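Engineer: Got a predicted structure plus its sequence, pasted below:
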Amino acid sequence: MTKIYRIDTAQQTLVLSSCQQCLPQVIYWGAPLRDSVDLADIHAAHMLDVTGGMLDENPDLSLSPEASRSFPGQAGLILRDANGALVYPAFSLESAGTATGLSLRCVDQKNGLTLIFDFAADTETGIITAQTTLEAAQPVHLDWLAAPVLPAPQQSDEMIDYSGRWIGEFQPNRIAWSAGIHARENRTGRTGHEHFPGLIIPCTGATNTQGEAYGFHYGWSGGHKMIAEELPDGRRQVQWGHAPQLELHAATRFETAPLYLAYSQTGLNGCGVAFQRHLRDRIVTWAKPDAPRPVHYNCWEAIYFDHNIDALKDIATRAAGLGAERFVLDDGWFGQRDDDTSGLGDWTVDRRKYPEGLGALTDHLSELGLGFGIWFEPEMVNPDSDLFRAHPHWALGKADQVLGRQQMVLDMANSEVCNYLYDCLSAILRTYPVEYIKWDHNRVLPAPDAAQTRGTYALLDRLRQNFPNVEIESCASGGGRIDFGIMARTQRVWLSDSNDALERLKIQHHAAQFLPMAVTGSHVGPRHCHTSGRTHSMAFRGWVAAQRHMGFEMDPRELTVEEAATLKFITNWWKDNRDWLYRADILRLDSPDPAVLAEQQISFDGGRFVAFIGKSDTGPQILPRPLRLTALDPQATYRINLVNRSDLTHLSRGAPALKSGPIDLSGIYLMRQGINLPWSFPDSMWVLEGTKL
Ligand code: DGJ
């Protein structure tokens, strides 16, 4: 007896089958299948041959491959009984519910275990969400629980996963498929810079703009493991779950985080668009969904810990004059926080710096029309703090542990800790007109523990519930906590501590595989970058920030008249365009010049776009190569305009049409021939607007 199920969005179809009550397996994943297709044929066509040196049947690559059925690779569930003995479950499909999505319930009566696989298809964003839950009649110890296991295509030579570091997030790696396991495991206890929980599998020949690709994202902030394995028989599987042994106690219920699945026939961009839309329109809960994203000013790189009310008022006045709409007071306003060695945990205003509290500053901001945001790092404590002196046992880990940035981590599984933090934060939120929290997390855990992440999620949920108008930014030394789990509770990410426009250009480019403009913070940094020592023009810094949710972080007192004018021009351009850019798709272009990182942000209705063409190096050939645009109507005509013609340099001596004014070109020309750009310096950006006529 065979049972067959299908899950569809406009972009992808999943077909699953179960024979003789065995655990279901995915027998098709890819381009949408017609409604009328006979699933029994798909099931029959999926059957594999057997030859010498094999078992007499191929064990299923099921939603949780079972060691008890001789599966020749990584099992989807590894657990031990209360005494620590390994259990080898064998499940049977018990029931399938289709009321909301698809829910497959499987039982192992002998061991008292139930595995539930839930799938939800989002017909608008194209994402399929999958999650596994394990229930046990008696408490068990969990070593590994995979979210529903998917087969990976064999028409693929490589996979793309992401490494990173402080001031260097989202570095893509192309890894060739080969026999055995390629694994990424993050045991830091936070999402981390090091291993972003995402994977793209391009089919052979796919690029940003064409070909087939599969995308995965595991929405969890506590450290994950990904296993991409090629079995001896050639089949490939991809598994995702919390990092192994993240559950420290025996329990009767465990669940994975949601696993988000994308499939594309329009290159890597098809996966990118699905993730961007799903994050923006389904995961994030916006405080004011219809309000435009405000231009930020963040004071960190202007003053660091040197808080002076008059200086801050002056900075705020200048920032408002440049176009800022929200002022974020960063680290240093609380406790005895004169540097990063002390004060974390003491969340009351430092009266040495603010004798009358923060009111003098927030009143000034209100007069300027600026919203107010404030920095916290709730999960942390400095040993040199009143909190630690009063409650040393609230900190996680051994007393003689190695500190990180001179700080320890609070035990977020302890309700006393969370109540204390809730009281501190809510007191500040009630006293001052706070509309925004920058929520930082600057060190890894002394040891990973899923309960820590659940405690943080619960605190965030409680604050969001009671202060629904306050938005939160997820920051962890820059981009150390970016994932759909944290983004279900926050509205912006601090993508990186690098305000170096060149570094930022690259980080933003690759992060767009998952993140839309609406959530991705990007600031204009100081002229001389504090994290790289490089010097960049205001035009380059400004346009790179204008690619995402724009803000400023330099000291506005350092700006020349020309720099201020350039920044105002770019900020006004961003404000004029932000409404449609908010809903735009970011499409990364296939640049024939490795020095050029280019993207096209196209409006939801396809009627307009802007292309940001960043030049990161001098390039091998002397002239710019034509750049092909994408996703246009081939028959339509587009008016193309170079927005920042004024950035032309004296070394551009020829007469490309764009230098003298807009030009009308067909979609087919723009997508097949490509657009000729004027010569430019490295560390610069061309900004092209296109309007469908
Ligand atoms: C790390 C963050 O990424 C910075 O932006 C800043 O907020 C500092 N922490 C403050 O300590």
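Structural biologist: Happy to help now that I have it.

Engineer: what residues does the stretch 51-200 of the chain put near the ligand?
Structural biologist: Counting by C-beta under 6 Å from any ligand atom, no position of the stretch 51-200 of the chain is adjacent to the ligand. Where C-beta positions appear, they are placed from N, C-alpha and C, glycine not excepted.

Engineer: Once you drop chain neighbours, what's closest to the residue of the stretch 51-200 of the chain found nearest the ligand?
Structural biologist: Proximity of the stretch 51-200 of the chain to the ligand (C-beta to the nearest ligand atom) peaks at W166, 8.7 Å away. What sits nearest to W166 in space, not counting adjacent residues and going by C-beta to C-beta, 6 or more residues apart in numbering, is S477, at 5.4 Å.

Engineer: do the same with D56
Structural biologist: V50 (6.3 Å).

Engineer: re earlier: so the residue of the stretch 51-200 of the chain closest to the ligand touches G404, yeah?
Structural biologist: No. In this structure, W166 is not within contact of G404 by C-beta atoms under 8 Å, at 11.6 Å.

Engineer: just for the chain, where's the confidence low?
Structural biologist: Applying pLDDT under 70 to the chain flags no residue at all.

Engineer: residue contacts, the closest residue to the ligand within it?
Structural biologist: Minimum separation of the chain from the ligand (C-beta to the nearest ligand atom) falls at D331, amounting to 3.5 Å. For D331, the contacting residues are W300, Y304, F305, R337, D340, W375, E377, D440, by C-beta atoms under 8 Å, 6 or more residues apart in numbering.

Engineer: The fifth one: neighbour count?
Structural biologist: Okay, so that is D340. 16 (other C-beta atoms under 10 Å).

Engineer: helix/strand/coil for it?
Structural biologist: For D340, the assignment made with DSSP: H, G, I helix; E, B strand; the rest coil gives coil.

Engineer: Let me see the contact set for it.
Structural biologist: Contacts of D340 by C-beta under 8 Å, 6+ apart are F305, D331, R405, Q406, Q407.

Engineer: Of those residues, select the buried ones using a PyMOL command.
Structural biologist: With 16 or more other C-beta atoms under 10 Å as the criterion, this PyMOL line picks the buried residues out of the contacts of D340:
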select buried, resi 331+406+407
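
Engineer: Export the contacts of D340 as CSV, with columns for secondary structure.
Structural biologist: Output for these, formatted as CSV (three-state DSSP):
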residue, secondary structure
F305, coil
D331, coil
R405, coil
Q406, coil
Q407, strand
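
Engineer: which one of the contacts of D340 is nearest S426?
Structural biologist: D331 (19.9 Å; C-beta to C-beta).

Engineer: where does the closest one fall, phi/psi-wise?
Structural biologist: Taking degrees, to the nearest 10, you get phi -50, psi 140 for the backbone angles of D331.

Engineer: Quick check: the gap between it and L14.
Structural biologist: 46 Å (C-beta to C-beta, to the nearest Å).

Engineer: For the stretch 251-400 of the chain, what lies in contact range of the ligand?
Structural biologist: Residues of the stretch 251-400 of the chain lying near the ligand (C-beta under 6 Å from any ligand atom): W300, D330, D331, W375.

Engineer: and the spatially closest residue to the first one that is not a sequence neighbour, how many neighbours does it have?
Structural biologist: I take that to be W300. Leaving out its chain neighbours, the residue that sits closest to W300 by C-beta to C-beta, 6+ apart is D330, at 3.9 Å. The number of residues packed near D330 is 21, by other C-beta under 10 Å.

Engineer: same question, D483
Structural biologist: 27.

Engineer: That one and G223 touch, don't they?
Structural biologist: No. With contact defined as C-beta under 8 Å, D483 does not reach G223; the gap is 10.4 Å.

Engineer: Common neighbours of the two, please.
Structural biologist: With C-beta under 8 Å, 6+ apart as the test, D483 and G223 both reach T191.

Engineer: My reading is that D579 lies in a strand. Confirm?
Structural biologist: No. Secondary structure of D579 (three-state DSSP): helix, not part of a strand.

Engineer: name the element the closest residue in space to it that isn't next to it in sequence belongs to?
Structural biologist: Leaving aside its sequence neighbours, D579 sits nearest to P292 (C-beta to C-beta, 6+ apart; 6.1 Å). Per DSSP states H and E: P292 is located in neither a helix nor a strand.

Engineer: ok, L651 - contacts?
Structural biologist: W679, F681.

Engineer: Could I get the phi/psi values of it?
Structural biologist: Torsion angles, degrees, to the nearest 10, at L651: phi -90, psi 0.

Engineer: Does anything pack onto the strand or helix carrying M685? Which helices or strands?
Structural biologist: Using DSSP H and E, M685 sits in strand 684-692. The criterion is 3 or more C-beta pairs under 8 Å, 6 or more residues apart in numbering; DSSP states H and E, and the helices and strands that strand 684-692 contacts are helix 538-546, strand 608-615, strand 637-642.

Engineer: Skipping its backbone neighbours, what lies nearest L421 in space?
Structural biologist: P378 (4.8 Å).

Engineer: Likewise for A564?
Structural biologist: Nearest one to A564, counting by C-beta to C-beta, 6+ apart, is L322 at 6.3 Å.

Engineer: What degree of burial does the nearest residue to L495 once chain neighbours are set aside show, as a neighbour count?
Structural biologist: Distance criterion C-beta to C-beta, 6+ apart; nearest residue to L495, sequence neighbours excluded, is G479 at 4.9 Å. Using other C-beta under 10 Å, the number of residues around G479 comes to 30.

Engineer: any idea how far G479 is from H278?
Structural biologist: For G479, the distance to H278 - C-beta to C-beta - is 19 Å.

Engineer: What of I472?
Structural biologist: 19 Å.

Engineer: Then E325?
Structural biologist: From E325 to H278 the distance is 27 Å (C-beta to C-beta).

Engineer: So between those two, which is more surrounded?
Structural biologist: H278 (24 against 19).

Engineer: chain center to the lengthiest strand in the chain, what's the gap?
Structural biologist: Secondary structure of the chain per DSSP state E: the longest strand is strand 128-145. Taking C-alpha atoms, centre = their mean, to the nearest Å, the mean C-alpha location of strand 128-145 is offset from the chain mean by 25 Å.

Engineer: Please identify the buried residues of stretch 147-164?
Structural biologist: 147-153, 156, 159-164.

Engineer: can you check stretch 616-624 too?
Structural biologist: Applying 16+ other C-beta under 10 Å to stretch 616-624 flags S616, G619, P624 as buried.

Engineer: contacting residues around the last one?
Structural biologist: Contacts of P624 were listed using C-beta under 8 Å, 6+ apart, and they are D593, V596, N676, L677, P678, W679, S680.

Engineer: could you dump these to a markdown table with secondary structure, distance to the ligand and neighbour count?
Structural biologist: Output for the contacts of P624, formatted as a markdown table (DSSP: H, G, I helix; E, B strand; the rest coil; distance: C-beta to the nearest ligand atom, whole Å; neighbours: other C-beta atoms under 10 Å):
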| residue | secondary structure | distance to the ligand | neighbour count |
| --- | --- | --- | --- |
| D593 | coil | 32 | 19 |
| V596 | strand | 29 | 20 |
| N676 | coil | 40 | 15 |
| L677 | coil | 34 | 23 |
| P678 | coil | 36 | 21 |
| W679 | coil | 36 | 15 |
| S680 | coil | 30 | 20 |
